[in-house]
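got a structure for you, letters missing:
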C-alpha cells in the first residue's frame, strides 16, 4: 500500500513549492495521493489538478503501479485549511474534496481575503512605526501569488536584513504578544464545518494535539463539532507521539469520526519536515482516503 498525505501547503499560502512542483515532488516521493490544503485559499487547486491531469495522460495511473523514475501521478485532493477561533485558541479545520468552484463558497473566502488584506496593511503600518520599513505593496510584490502570513513577514524581513533570524521577527515584532501583531478575523470551528459541508466537502479537525487542551476540553470541542457535522479528525500527524495517535484514534472511534492524516508540509518554511514522511516516521495509509471518499456528503452539494 502506497502512502498518502492529506495536509499539504503550497506557495499559494505559506509553503515554498508551487502547486505544480508539489505534484512532481509527490510523484517522486511515491505518494498515491495528496491533499492541497492551503490556508484560507483555493488559488492553487486548479493548477495542481490540471497539471496532474496532463501528466496522467503521459504516465501510468497510480493504481497498482510501482514508483520509479517515471513515477505514477498522485491523485490531487482539492482541499483547504480554514483558520477559526474557539475560546481564545486558534483551531484549524481542513476541508477535503471541496467543490472549490462553488460561487457561494468563493464569496465567503473573498470576505476572508478582504479582511486579511486590511489586517496586513495595519501590521505594515505598525512595523513602520517600530522602525522596520515594510510596506504592504513591497510585501505583496515579494510574494505575488501567496496568502500573506506571518511566515512571509519573517522571511521578507530576514531577506532585507532587518532581523538576524526568523525567530527575532516573532519575538520582537509579530508574535502573538508582540507590538506589531494584529489578530486575524476568524470564524468559529462550527461555522467552518458548516461552510465546508455546504461546499460538498469532508470537514476534518486538524492536528488537535497541537491545541494543548486538556483531554476533557478537547473532547468537548470534538463533541460540539460532531454535532455540527464534523466527519473526520487528524489522527496521524508529523509531530504526534504514539500516545497522541492512540488518544485521537480513541476520540475518532468514540464519536464515529473518520481518521485522517498528513504531514503539514510547508517546504523550506518547516525545515526537516518532508512530504509524506513528516520528520521521518510518518506513514498515512491509503485506506484512510478510501473511507473518506465514501463519506463525501453528496446530499449537501447545493446549487451555487
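Alright, I've got the coordinates. In this text the structure is predicted, and so the values were computed from the model without any measurement.

what residue ranges in the stretch 1-150 of the chain score low on pLDDT?
Scanning the stretch 1-150 of the chain for pLDDT under 70 picks out 59-70, 145-147.

Which residue ranges of it form strands?
All strands of the stretch 1-150 of the chain, identified by DSSP state E, counting those that start in this stretch, fall at 3-8, 33-36, 75-86, 89-96.

among those strands, which is nearest residue 235?
With Cβ to Cβ as the measure, strand 3-8 is the member of the strands of the stretch 1-150 of the chain nearest residue 235 (10.8 Å). For the C-beta atoms, the positions are set from N, CA and C on the backbone; glycine is no exception.

for the closest one, packing partners?
Using 3 or more Cβ pairs under 8 Å, 6 or more residues apart in numbering; DSSP states H and E, the elements in contact with strand 3-8 are helix 19-28, strand 33-36, strand 75-86, strand 89-96, strand 258-262, strand 284-285, helix 287-294.

out of these, deepest packed?
strand 33-36 (a mean of 27; mean count of other Cβ atoms under 10 Å).

Could you list the residues in contact with that strand?
For strand 33-36, contacts defined as Cβ atoms under 8 Å, 6 or more residues apart in numbering pick out 4-10, 19, 22, 26, 44-45, 48, 62, 74-79, 94, 96, 262, 275-276, 286, 289.

Neighbours of the closest residue to residue 38 other than its chain neighbours, how many?
Among residues not flanking residue 38 along the chain, residue 13 sits closest, at 3.7 Å (Cβ to Cβ, 6 or more residues apart in numbering). By other Cβ atoms under 10 Å, 26 other residues sit near residue 13.

Now the biggest helix by length in the chain: buried residues?
The single longest helix within the chain, with elements called by DSSP state H, is helix 103-129. Neighbour counts over helix 103-129 (16 or more other Cβ atoms under 10 Å) mark 105, 108, 109, 112, 116, 119, 120, 123, 124, 126, 127 as buried.

now, which of those sits nearest residue 252?
Closest to residue 252 out of the buried residues of helix 103-129 is residue 105 (26.1 Å), distances taken as Cβ to Cβ.

Isn't that closest one up against residue 111?
No - contact criterion Cβ atoms under 8 Å: residue 105 and residue 111 do not qualify, at 11.1 Å.

need the contact list for the residue nearest to residue 22 when sequence neighbours are not counted.
The shortest distance from residue 22 to any non-neighbouring residue, by Cβ to Cβ, 6+ apart, is to residue 10 (5.5 Å). Residues near residue 10 by Cβ under 8 Å, 6+ apart: 17, 18, 19, 21, 22, 36, 38, 44, 48.

hmm, 7 Å instead?
With contact taken as Cβ atoms under 7 Å, 6 or more residues apart in numbering, residue 10 is in contact with 17, 18, 19, 22, 36, 38, 44.

about what we covered before: kindly reformat the buried residues of helix 103-129 as TSV containing distance to residue 161.
Below are those laid out as TSV (distance: Cβ to Cβ, whole Å):
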residue	distance to residue 161
105	41
108	39
109	35
112	32
116	27
119	25
120	21
123	19
124	17
126	20
127	14
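
Sweet, I'm off.
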